[in-house]
Structures are given as C-alpha cells and as structure tokens.
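K.L.:
just the structure for this:
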Amino acid sequence: MLNFRITRSGDESLYDKDYDVVIVGGGPAGLVAGLYAARAGLNTILVEKSVAGGQMATTERVDNCPGCIEGSGAEIGEWMRRQATGFGLKWANAEVLSMNLLADVKMVLTSEGRLRAPVVILATGARPRKLGVPGEDQFWGRGVSVCATCDGPFMEGKVAAAVGGGDSAVKESDYLTRFAEKVHVLHRRDQLRADRANTERALSNPKIDVRYNVVVERVLGEDRVRGVQIRNVLTGEMEELPVDGVFVWIGMIPNTDLFTGQLALDDWGYVVTDARMATSAPGVFAVGDVRAGATRQIVTAAADGAVAALGADEYLHKRTERGLVSPGVEG
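P.N.:
As a prediction, the model looks like this:
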C-alpha cells in the first residue's frame, strides 16, 4: 500500500492570479481534466477543499478502476493528483465560496483568495442522500455503500440489505444478486416506486426479498457490519436483520448550490451539458457526477474530464483567434 500524507497548501502565491483554466473539485473527473489541461500547456489550477479523490476517497478498496494502483480510494486519488501535478497542474486546498460564471473572464472566490480564468470546469460531484441513523457514518465505505458495481463483489456469498424503492435501488439490487446470496430490499412504502419492468424483474428474482413499510433505525456492527435494526412504520415493531453489508439508494443531491441560477439544470438539479461537456454558459464545462446523465463511475468520470479539457483547449484557441486575452489581476 502507498502511504501518502496530505497537507493543506496554504500557498498564497496561487491566489489573486489569472489562469487559463480553473477546475473546481478534485475527484477523478476534476483530476483527469487537470491532467489533460496541464499537459496541453494550459495554465491550470484545481481547487479542492478536502483530499484528492472526492467521493472515491471514502472507499476503503477500489478494484474496478482500469490501470489504477491497488489501494483505497484515497490512495488512488492522491496518486492521480501526483500524476496531474507532475504535468504542471497547480493544486489549491481551499473552500470555494462563490463563483461568477457568466462573465467572459470567470471569477472563483475561495477561502484563500480569488482565481480568475476564461474557462471553468465544474467537477463538484453529487452527494448521496444518507439515512441519518447511528452506525451509518461509522461503517461508511466499510460495509455501508452506495455503489453495487464498486462494492458488490465484496458481497460474494453474503447477505446484503438494500434501502430504497425507486429505479436505482431496484436495478442495483438486481445487480447485487450476481454476488450476494440474498438481498433484502427495505422500503418505507407499501409498494416499490420503480417502473414496471424493473419491479417485475426484482420480484421474480429468488434472491431478492422485499420488505415493505420498514425503515432502518440503526446499522449494527463492531469491526464490521453485522446487521440493521428496522422498524415497521405501521406497527412500530422493531427487528434486527442480520446482514453483511448495507447499500443505500435513496437518491443523490448534486452539488450545484454555488452556481444555481447561472447554468441550465435538469429537473433533478444536475448540470445540463452537450457531448463536449459544455454547459449553457460559454467557457464553462461540467464533468462527473454533477453532470446530467452521468454514469457515476470512476472510469466515466475520468472520460468526462478528458473530454472537457480538450473542449476547453479548443475554446481557448478560438477565443485567442478573436483577439481576447485575459486581463491583469485587479487591485
């Protein structure tokens, strides 16, 4: 295993400057965008308030990232960061406070200072809705998961609980049965909300046991998950259900608060892009989980980042052809 130590940059020389590209978010999409942009010779800075890897960094082990090192999500994220900074990407540990994305030269205000660039790539991601019950955070990434594709193989021959009743929950539960011996689908209503085809597929799967009118009150375990405590919402009856893993599929929340009202969003709040990852605002691109239609896998997020960086390079060349250059830093 690699042993990386992350420290806050605190490098004041990075701020109150002009760049070609500012990337907001240090998950796989943002890191690959930074790698491609910096490698293309663009003066590029990436702002991340935490560690490299984004949501991937919360995963204890990643084994479906093609060509990645063996290790945790945090280790892979730090490896990707080192690769990108090796090509000249500037890394800034700071919290983004506000953004003006509608000007020709965009402004990103951080807790450490201002950043300006004609191109901004948004890689702010999406956060899963949590159950908000005891034990969930304790075992997050260590038995509590939001990704069957990522963590399903660890359920080989085991029993899993899947929380939710929509299309994502039902489809992911069906996928999970490729590995798990049994999947208990726990839904707070009296019928699944998934579409008919997905519902019929789940109900006909002998490995899926649907429990209606129940909510999870607690994730149980010591060194690992060993069960969930569930409550019947009609009777109030409590039950301990032995499981080896808990998969939570009750929705995602896109991280768009900082630019809501500046970009076109879909009905669920995700950023609308074209095939080049361009948004409704010229010079602004969106990649990864924050983008409408994203598959939400490491490899697809990385692909988004590469496409956006190539699009950014093309946009900047056209901008230069029109005689536009970045102004100097204001007072």
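K.L.:
just confirm Arg188 is within a helix.
P.N.:
No. Counting by DSSP: H, G, I helix; E, B strand; the rest coil, Arg188 is not part of a helix but coil.
K.L.:
state the distance from it to Glu217.
P.N.:
Here the distance between Arg188 and Glu217 works out to 12 Å (C-beta to C-beta, to the nearest Å). For every residue, glycine as well, the C-beta is placed using N, CA and C.
K.L.:
what does Pro128 give?
P.N.:
Counting by C-beta to C-beta - Pro128 and Glu217 are separated by 19 Å.
K.L.:
do a quick rundown of the strands in the stretch 101-250 of the chain.
P.N.:
Ranges of strands in the stretch 101-250 of the chain, per DSSP state E, counting those that start in this stretch, are 106-110, 114-117, 119-122, 126-128, 144-145, 159-163, 182-186, 208-211, 214-221, 225-232, 238-242, 245-248.
K.L.:
looking at those, which is buried most?
P.N.:
Using mean count of other C-beta atoms under 10 Å, the stretch among the strands of the stretch 101-250 of the chain with the largest mean neighbour count is strand 119-122, at a mean of 28.
K.L.:
average model confidence for that one?
P.N.:
Strand 119-122 shows a mean pLDDT of 98.
K.L.:
for the helix or strand containing Ala37, packing partners?
P.N.:
For Ala37, the enclosing helix or strand under DSSP states H and E is helix 28-39. Applying 3 or more C-beta pairs under 8 Å, 6 or more residues apart in numbering; DSSP states H and E, one finds that helix 28-39 makes contact with strand 21-24, strand 44-48, helix 73-86, strand 119-122, helix 298-321.
K.L.:
and the first one, which strands flank it?
P.N.:
Taking DSSP bridges as the criterion, strand 21-24 pairs within the sheet with strand 44-48 (parallel), strand 119-122 (parallel).
K.L.:
so for that strand, what's the average pLDDT?
P.N.:
Per-residue scores along strand 21-24 average to 98.
K.L.:
can I get the strands of the stretch 101-250 of the chain in JSON lines including distance to Arg61?
P.N.:
Putting the strands of the stretch 101-250 of the chain into JSON lines (distance: least, C-beta to C-beta, whole Å) gives the following:
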{"stretch": "strand 106-110", "distance to Arg61": "32"}
{"stretch": "strand 114-117", "distance to Arg61": "34"}
{"stretch": "strand 119-122", "distance to Arg61": "28"}
{"stretch": "strand 126-128", "distance to Arg61": "18"}
{"stretch": "strand 144-145", "distance to Arg61": "11"}
{"stretch": "strand 159-163", "distance to Arg61": "17"}
{"stretch": "strand 182-186", "distance to Arg61": "21"}
{"stretch": "strand 208-211", "distance to Arg61": "25"}
{"stretch": "strand 214-221", "distance to Arg61": "17"}
{"stretch": "strand 225-232", "distance to Arg61": "15"}
{"stretch": "strand 238-242", "distance to Arg61": "23"}
{"stretch": "strand 245-248", "distance to Arg61": "13"}
